[in-house]
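1. task: produce atomic coordinates for the following.
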Amino acid sequence: MTTSFRLTVVGCSGSYPGPDSPASCYLVQAEHGGRTWSLVLDLGNGALGALQRYVDPLEVDAVLLSHLHADHCVDMTSYYVVRKYHPAGAQPKIPVWGPSGTDERLSKAYDLPTLPGMREEFEFHTYDAPFEIGPFTIDARAVDHPVEAYGMRISAVTEEAGLRTLAYSGDTGPTPSLLEIAADADLFLCEASFRHGDDNPPGLHLTGTECGETAAKCKVKRLVITHVPPWHDAQGMLTESLSAYDGPTELAAQGAVYAI
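-> The predicted structure follows:
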């Protein structure tokens, strides 16, 4: 049975690193089978350095990439260096899940030849059906963003409370699939990048108000707002969300740990 299913915020700055946080990166962990299982959810600009405060990079079990914009994946190039050249010696491949073409895109970002690219360090998979990693079940669903992008439900059966679910919006505009991702989630980690009332482009991000509306429609138990760009006032985004959702709500902050 799983214990201590938790989320640690490694980076939560929207679109680029901010003065108080790297770009998107979250550590999902649980104790199961006599050890700690660790998933890294996105690995954006500057996140690998901060990640080492919370887990040994050589002890990560898998990486889940929501999409291939730099603020969600570019530190995979540095993580490749860790796994390839660490003086501890050759490291076993770990699975990396992402959109189609993830392996080619990351190889190009590090100026590697397509073959072998990073395939000797990582085992690449694309999202096509729910899958399991240790105690976790991951269900990734396409969301509304200019590139192929996914939100996720990550679930585990815990000793204390039975089945528990973390929902992650990834980057998305309003879309029916987001309602499926967040439905009845115990914790909804949701982006809010746009301000209500601004002339925002469609199919890109949520406003703070839309973030709160989604949480209310989905009857989530707890809302954590993330991916607020440094050019916006995060407290203003929190106020917007609270205008639409009256449940427990807070802004993500680097180093915050949430029990799921």
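2. which residues of the stretch 1-150 of the chain fall in helices?
-> 47-51, 70-73, 76-85, 102-109 (DSSP state H, counting those that start in this stretch).
3. export those to JSON lines and append columns for mean neighbour count.
-> From N, CA and C alone the C-beta is placed, and that goes for glycine too. Below are the helices of the stretch 1-150 of the chain laid out as JSON lines (neighbours: other CB atoms under 10 Å):
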{"stretch": "helix 47-51", "mean neighbour count": "22"}
{"stretch": "helix 70-73", "mean neighbour count": "24"}
{"stretch": "helix 76-85", "mean neighbour count": "18"}
{"stretch": "helix 102-109", "mean neighbour count": "19"}
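4. was I right to think residue 78 contacts residue 48?
-> Yes - with contact defined as CB atoms under 8 Å, residue 78 counts as touching residue 48 (4.8 Å).
5. just give me the neighbour total for the nearest residue to residue 259 once chain neighbours are set aside.
-> Closest residue to residue 259 apart from its sequence neighbours, by CB to CB, 6 or more residues apart in numbering: residue 6 at 5.4 Å. Residue 6 has 16 neighbouring residues, counting by other CB atoms under 10 Å.
6. can you check residue 134 too?
-> Applying other CB under 10 Å, we find 18 residues neighbouring residue 134.
7. can you give me the buried ones in stretch 151-158?
-> Neighbour counts using 16 or more other CB atoms under 10 Å place 151-156, 158 of stretch 151-158 among the buried residues.
8. kindly report the same for stretch 223-234.
-> 223-229, 232, 234.
9. check those and tell me the two furthest apart.
-> 223 and 229 (18.6 Å; CB to CB).
10. what's the helix or strand for residue 177?
-> helix 176-182 (DSSP states H and E).
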